[in-house]
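1. output the structure for:
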Amino acid sequence: MSGYNYDKFSADQYDLDNFTAPAPGDKAPDFTLQTVDGTPHRLLDFDGDFLVLETGSITCPLFQSRREGMAKLVQENPDTGFAILYVREAHPGATRPQHACGSDKLDNARALKTQDKEGRLILVDTFDGAAHKAYGSYPNSVTIINRNGCVVYTSDWNNPAATAKALATLKAGKPAARQGMFLPAKPPVAIRTLKAAGKGAPLDFLRSLPVLIWHNLIKRNLRILAGKSPAVPPDTAC
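-> Residues are numbered from 1 along each chain as shown. Alright, predicted model coming up:
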């Protein structure tokens, strides 16, 4: 299998210098997806003034490392909508291979909810990743969308502390500009996640680790420190 639903992870599968998600002020793409029980659900159908949308998969060490921080954020913001866009497997292995069809993706999303006890709304993307591609194609990005359906904050990599600060700033009526620093996955979580994915996943990850460190931990973080992120008012219309 090749293309979007790759069998083996490689850093080459991602354009790590060019995150192409909608920018603050852009209209948030809307899709009719399905929940883990198969119910159709529009992505932009949410309660509260904002939706915090995170991309993830059960084999993504970064996503799994963020879940504790995001669960705290959910508890602290009951007036905000939260959802996970379930995308392709970041690190497929022998136990959890890449999706061969839409039902495979749905099965893994269900496992995230039932086995890993994820409490947020999980929206399962289409087999070809239509929504994922529209939101930048990264394995663990975050987007905050306002009630008008406009993007008011986005980050190529989710940093729960930075996401929490951005949400608090937006709820205070101010633009949220600063993206968070890229944080590596917690080693115990990364080891557990890759081991659960099965044979092939750990080795594929290790092969690409130097490239990932250079592009994300060094190059990307220096770019964030040196630049400014675009910002728009929290009630912006688009």
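2. where does this protein dip in pLDDT?
-> Along the chain, the model assigns pLDDT under 70 to residues 1-2.
3. next, the most centrally placed residue in it: phi, psi?
-> Taking C-alpha atoms, centre = their mean, the centroid of the chain lies closest to T55, which sits 2.2 Å from it. Dihedral angles of T55 (phi, psi; degrees, to the nearest 10) stand at phi -90, psi 150.
4. how much space separates it from A172?
-> T55 sits 26 Å away from A172, going by C-beta to C-beta, to the nearest Å. Using the backbone N, CA and C atoms, a C-beta is placed for each residue, glycine as well.
5. same thing with Q64?
-> According to C-beta to C-beta, Q64 and A172 sit 30 Å apart.
6. and these two? Which one has more around it.
-> Q64 (25 against 9; other C-beta atoms under 10 Å).
7. so which residues of the protein form strands?
-> Remark: strands assigned in the chain by DSSP state E are 32-34, 40-42, 50-56, 81-86, 121-124, 142-146, 151-155.
8. distance from the chain centre to the last one, please.
-> Going back to what we said before, that points to strand 151-155. With C-alpha atoms, centre = their mean, to the nearest Å as the basis, the distance from the averaged C-alpha position of strand 151-155 to the chain average is 12 Å.
9. which helices and strands does it pack with?
-> strand 142-146, helix 160-171 (3 or more C-beta pairs under 8 Å, 6 or more residues apart in numbering; DSSP states H and E).
10. highest mean neighbour count out of these?
-> strand 142-146 (a mean of 25; mean count of other C-beta atoms under 10 Å).
11. let's have the helices and strands packed on strand 151-155 in CSV, adding distance to L121.
-> CSV is the format used below for the helices and strands packed on strand 151-155 (distance: least, C-beta to C-beta, whole Å):
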stretch, distance to L121
strand 142-146, 14
helix 160-171, 16
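12. mind checking which of the ones you listed is nearest V152?
-> With C-beta to C-beta as the criterion, V152 lies closest to strand 142-146 of these, at 5.0 Å.
13. partner strands of the closest one, parallel or antiparallel?
-> As defined by DSSP bridges, the strand partners of strand 142-146 come to strand 50-56 (antiparallel), strand 151-155 (antiparallel).
14. now render these as CSV, adding distance to V36.
-> Listed next are those as CSV, based on distance: least, C-beta to C-beta, whole Å:
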stretch, distance to V36
strand 50-56, 13
strand 151-155, 25
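15. among these, which is the most enclosed?
-> Most buried among the strands paired with strand 142-146, given mean count of other C-beta under 10 Å as the contact rule, is strand 151-155, at a mean of 26.
16. now the angle from that strand to helix 160-171?
-> Interaxial angle, strand 151-155 versus helix 160-171 (axes from the mean of the first three to the mean of the last three C-alpha atoms, to 10 degrees): 160 degrees.
17. run through who's touching strand 151-155.
-> By C-beta atoms under 8 Å, 6 or more residues apart in numbering, the list of residues contacting strand 151-155 from outside reads 21-28, 50, 136, 141-146, 162-163, 166-167, 170, 175-176, 179-180, 232-234, 236, 238.
18. cheers, nothing more for now.
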